[in-house]
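1. fold the following, please.
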Amino acid sequence: MRLIIRIAKNELRYLFYSPIAWLVLLAFWMLIAVDYFFRLHDMANVQEIMLKNSSPNWNWLPVTLTGKLFGGLYKTAVSYLYLFIPLLTMGLISREKNTGTIRLLYSSPTGLRQIVLGKYLGIMLYLLMLVAIVGIVMIMGVVDIHKEDYGMFISGLIGFYLLSCTYSAIGLFMSAVSIHPVISAISTFLIIFLLDRIGLLWQQYDFIRDITWFLSLQNRTETMIFGLVISRDIYYFLLIACIFVSFTIIKLQSGRESRPWFIKTGRYALVMVVALLTGYLTSRPVLTKYWDTTAAKVNTIPPELQKMLTTIGDSSLEVTLYVNLLSQSSVIAFGMPELRNPNYLSKFWDPYLRFKPDIKFRYEYFYDIDPQTADSAWYDKFPGKTIQQIAYKVAERKDWDISQFKTPEEMRKIVDLKKEGNRMVMLLKYNGRTEVARTLNDPLCWPDQLLMASIFKRLLEPDKISKIYFLTGELERDIRKLGDRGYNQQTDKSIRTSLANMGFDIDTLNLNTQEIPADMATLVVADPITDLSTGVQTKIKSYVDAGGNMMILGKPGKQSVLNPLLQQLGVQLMPGQLVQPSYDETPEKVICRASPNVEKLSFLLEGTK
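-> Alright, predicted model coming up:
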């Protein structure tokens with residue numbers, strides 16, 4: 001160990017004998033400092049404008065100011081490593097070959113492993129200086145930011161240093177491969193670029209997809225930048241560094257031995273196999289550990305949602321993703337195998353796998369057209385074609401394998417998704433019960449934590465599912481109609497904020513001909529135009545007296561329609577209309593904020609006051 005440390009000191013000393021190490025430190029410091037001040041200036045302007053023209057309680061939520069400022073700064077710092085690391089490592093081994101000292105190293109009693117580890121330790125010590133530069137900028141951030149999030153600083157530095165060491169291990173190996181420093185630098189850049197992009201290659205093939213995704217450097221530091229340290233990412237950086245350091249030792253060992261090519265190749269293969277197996281084991285959800293360093297735990301699902309997943313316990317939770325090739329939804333690409341690892345599993349399901357690592361995932365691909373929801377758009381686009389021919393044309397155009405898609409007949413034997421309009425959905429199965437998690441027609445595609453909480457609640461407590469009835473019979477607003485008076489957005493399953501996606505069952509109720517249902521959780525009286533009959537008012541009064549919930553919505557000028565009902569409850573709509581004159585809006589648009597007590601209603605309403 002002493003010899004390794006001595007070699008590391010000599011390597012670090014030699015680095016500063018050349019101008020490259022000094023220039024890298026100076027350039028990195030200037031680039032990071034300038035980037036920080038530009039970002040700080042822009043954000044200060046935005047904050048000043050928002051505070052002057054918005055509510056005095058405006059803040060940077062849901063992203064903290066620390067995350068907003070340093071998230072971009074970290075990414076900029078990481079991008080500079082592409083240039084600087086190849087320059088720093090290009091002469092680590094090639095220098096010894098060019099000066100002839102490599103022969104002395106081969107003949108010395110010092111082992112090759114000690115030489116390689118010493119040189120690698122030397123460059124690791126140098127990288128701590130780059131980390132120190134980022135740390136100095138963080139100290140400046142402590143001065144500039146009120147109530148800064150220290151945890152994000154820690155995780156960001158960890159990610160930055162691990163990535164730097166990984167790049168350096170690649171550069172060390174390429175320096176051993178070529179005697180020309182320039183070629184070593186270019187090769188290092190190409191290998192880093194390849195590892196950064198390999199996760200996008202061959203993702204449509206099941207076996208290859210997981211291998212290329214494991215080897216990919218893409219977005220490995222993204223979670224750390226925003227305050228979440230995941231053990232599988234730590235293991236990844238360590239394994240990749242070990243792979244290339246081992247490759248360097250094997251390369252130098254092969255240079256002083258006369259061995260058949262297959263023995264040399266076998267050594268490289270053995271290192272790769274051991275690394276892949278280790279990576280596979282350490283990336284299993286059940287072995288993955290998480291550390292949310294943020295003060296507000298913004299990378300962790302709320303405690304109530306954690307409790308729901310814990311309640312499932314050892315019981316199996318199966319999630320099946322159904323993807324329709326001919327869906328009218330614009331988000332179908334999110335469900336294809338190419339985005340399974342980088343998006344569906346890593347970004348959407350990973351926060352839930354943290355607390356329920358044994359979730360089973362299945363995938364079904366099919367093509368079908370539901371004339372009631374998708375009308376005849378496909379037939380208009382492909383006149384005279386059958387559904388099979390249309391599916392073939394669409395798959396061919398998108399370069400997807402049509403053989404992976406089940407026919408409508410095959411799919412209907414498994415599940416009938418007509419009620420969902422044959423859209424891309426997830427079916428969650430638990431203890432014999434099934435609930436639908438829908439994808440949405442917006443850029444996020446997947447349901448957020450609020451929607452997932454409602455889905456898990458329906459799975460765990462099916463007897464407590466709330467059913468909302470909208471009153472009809474007096475020309476109320478219709479839940480199936482579009483337009484200014486339509487409430488279709490509350491029942492449209494493709495809209496994120498609809499009640500249908502919030503865990504509610506929705507139906508209509510005409511009290512002129514029907515009685516109050518026993519399963520009604522809330523009655524909505526939505527802006528009736530004609531007067532409510534005495535019988536309807538009596539039924540509503542009895543329902544409210546029994547402890548029922550009701551929401552009444554009225555329009556200015558229609559107080560006389562609702563007041564007979566409201567007066568029985570001890571309230572009434574006052575004549576006139578509230579107005580709020582402003583520079584940007586017409587007076588009838590009133591902007592109001594929820595009271596502080598609203599947060600006590602549900603954890604999902606935190607931050608709305």
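
2. surely Ser494 touches Leu440?
-> Yes - using CB atoms under 8 Å, Ser494 is in contact with Leu440, at 6.1 Å. (C-beta placed from N, C-alpha, C; glycine too.)

3. out of the two, which sits in the more crowded spot?
-> Taking neighbours as other CB atoms under 10 Å, Ser494 and Leu440 compare with Leu440 leading, 23 against 20.

4. residues contacting the closest residue to that one other than its chain neighbours?
-> Excluding the flanking residues, the one nearest Leu440 by CB to CB, 6 or more residues apart in numbering is Arg496, at 4.7 Å. Listed by CB atoms under 8 Å, 6 or more residues apart in numbering, the contact set of Arg496 reads Leu440, Asp442, Leu444, Pro447, Asp448, Leu451.

5. likewise for Ile170?
-> Ile85, Thr89, Thr188, Ile191, Ile192, Leu195, Ile240, Phe244.

6. burial check on the second one, number of neighbours?
-> The burial metric for Thr89, expressed as a neighbour count using other CB under 10 Å, is 27.

7. that one contacts Leu172, correct?
-> Yes - the criterion here is CB under 8 Å, and Thr89 meets it with Leu172 at 5.7 Å.

8. any shared contact partners between the two?
-> Shared contacts of Thr89 and Leu172, defined by CB under 8 Å, 6+ apart, comprise Ile123.

9. which ones are touching the spatially closest residue to Trp213 that is not a sequence neighbour?
-> Nearest non-adjacent residue to Trp213, counting by CB to CB, 6+ apart: Asn341, 4.3 Å away. Residues near Asn341 by CB under 8 Å, 6+ apart: Gly199, Gln203, Arg209, Asp210, Trp213.

10. farthest pair within those?
-> Gly199 and Asp210 (10.5 Å; CB to CB).

11. and stretch 278-288, what's buried?
-> Residues Gly279, Thr282, Ser283, Pro285, Thr288 are the ones in stretch 278-288 that count as buried (16 or more other CB atoms under 10 Å).

12. next step: those residues restricted to helices.
-> Members of the buried residues of stretch 278-288 lying in helices (criterion: DSSP state H): Gly279, Thr282.

13. returning to that earlier point: which of the helices or strands spans the residue nearest to Leu440?
-> Here Arg496 is covered by no helix or strand, with elements defined by DSSP states H and E.

14. quickly note the distance from it to Val536.
-> Counting by CB to CB, to the nearest Å, the gap from Arg496 to Val536 is 33 Å.

15. next: Glu338.
-> Glu338 is 55 Å from Val536, by CB to CB.

16. residues in contact with Ser316?
-> So Ser316 contacts Asp358, Lys360, Tyr430 (CB under 8 Å, 6+ apart).

17. among these, name the ones in strands.
-> The strands, defined by DSSP state E, take in Lys360, Tyr430 from the contacts of Ser316.

18. ranking by neighbours, what's the top pick from the contacts of Ser316?
-> Going by other CB under 10 Å, Tyr430 tops those with 16 neighbours.

19. hmm, back to that, between Gly199 and Asp210, which one's more packed in?
-> Neighbour count, other CB under 10 Å: between Gly199 and Asp210, Gly199 has more, with 20 against 17.

20. secondary structure class for Glu435?
-> For Glu435, the assignment made with DSSP: H, G, I helix; E, B strand; the rest coil gives strand.

21. oh, that last question was meant for Asp507, not what I typed.
-> strand.

22. burial count for it?
-> Residues near Asp507, counting by other CB under 10 Å: 14.

23. need the pLDDT of it.
-> With respect to pLDDT, Asp507 has a value of 93.

24. please enumerate the strands of the stretch 151-300 of the chain.
-> Taking DSSP state E, counting those that start in this stretch as the test, the strands found in the stretch 151-300 of the chain are 228-230, 290-292.

25. good, wrapping up.
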